[in-house]
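A.B. asks: I would like to see how this sequence folds:
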Amino acid sequence: MARLFSKILREDMDLGIVTSTVDNPGGGTMTGHQINIGSFALDPHGTIYTWTPGSVSGGAQKSVAIQIVGVLVGQTFIIVEAQTVLNGLLLTGEATADNTVTVYLSNPTSGILSTADTIFDLRVLAFALEAL
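C.D. replies: You can find the predicted model right below:
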């Protein structure tokens with residue numbers, strides 16, 4: 001008898017960032033920590049920041065440095081997700097020094113672009129990234 005993959009995935013791949021209890025096929029229950037990419041984050045829920053960069057000239061960028069304890073250059077991966085419309089601007093981030101993340105707002109066009117407040121969700125994943 002074939003088992004449905006959706007049922008197997010729902011029971012066996014219980015992803016999240018909290019503890020989970022599932023039924024043990026042999027009887028009783030099992031409790032463990034759910035895992036996902038957020039399991040490697042310094043703050044699994046991320047932190048919302050607001051920044052007012054104003055206008056960005058064509059081909060230029062603006063930046064803001066944010067202090068986050070635990071960030072290590074070369075051993076962290078930065079995820080920056082815009083919560084507001086960026087009007088063609090690009091939002092990126094990198095660990096520029098230990099305990100410091102720099103977020104960049106870049107204009108890839110030749111004209112001036114602007115956005116009012118730039119609200120972004122910042123997540124820092126702490127694990128060693130190996131050079132390819």
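
A.B. asks: what about stretch 74-91, average pLDDT?
C.D. replies: For stretch 74-91, mean pLDDT rounds to 84.

A.B. asks: need the distance between the two termini of it.
C.D. replies: 20 Å (Cα to Cα, to the nearest Å).

A.B. asks: got a list of contacts for that stretch?
C.D. replies: 42, 46, 48, 56, 92-95, 101, 103-109, 113-129 (Cβ atoms under 8 Å, 6 or more residues apart in numbering). All C-beta spots, glycine's among them, are computed from the backbone N, C-alpha and C.

A.B. asks: what residues sit buried inside that stretch?
C.D. replies: Thr76, Phe77, Ile78, Val80, Leu89, Leu91 (16 or more other Cβ atoms under 10 Å).

A.B. asks: sorry, back to before: narrow the contacts of stretch 74-91 to those that are buried.
C.D. replies: 46, 56, 93-95, 101, 103-107, 113, 115, 118, 120, 122-125.

A.B. asks: low pLDDT regions in the protein?
C.D. replies: 1-18, 33-40, 44-45, 127-132 (pLDDT under 70).

A.B. asks: excluding its backbone neighbours, what's nearest Thr100?
C.D. replies: Closest residue to Thr100 apart from its sequence neighbours, by Cβ to Cβ, 6 or more residues apart in numbering: Ala65 at 5.5 Å.

A.B. asks: how far does whatever helix or strand that neighbour lives in sit from its chain's centre?
C.D. replies: Assigned by DSSP states H and E, Ala65 belongs to strand 61-67. Relative to its parent chain, strand 61-67 has a centroid offset of 16 Å by Cα atoms, centre = their mean, to the nearest Å.

A.B. asks: okay, now the sheet partners of it, with direction.
C.D. replies: strand 100-106 (antiparallel) (DSSP bridges).

A.B. asks: can you list contacts of whichever helix or strand comes after the strand it pairs with?
C.D. replies: Proceeding N to C from strand 100-106, the next assigned helix or strand is strand 113-115, under DSSP H and E. With contacts defined as Cβ under 8 Å, 6+ apart, strand 113-115 is touched by 53-56, 58, 84-89, 105, 107.
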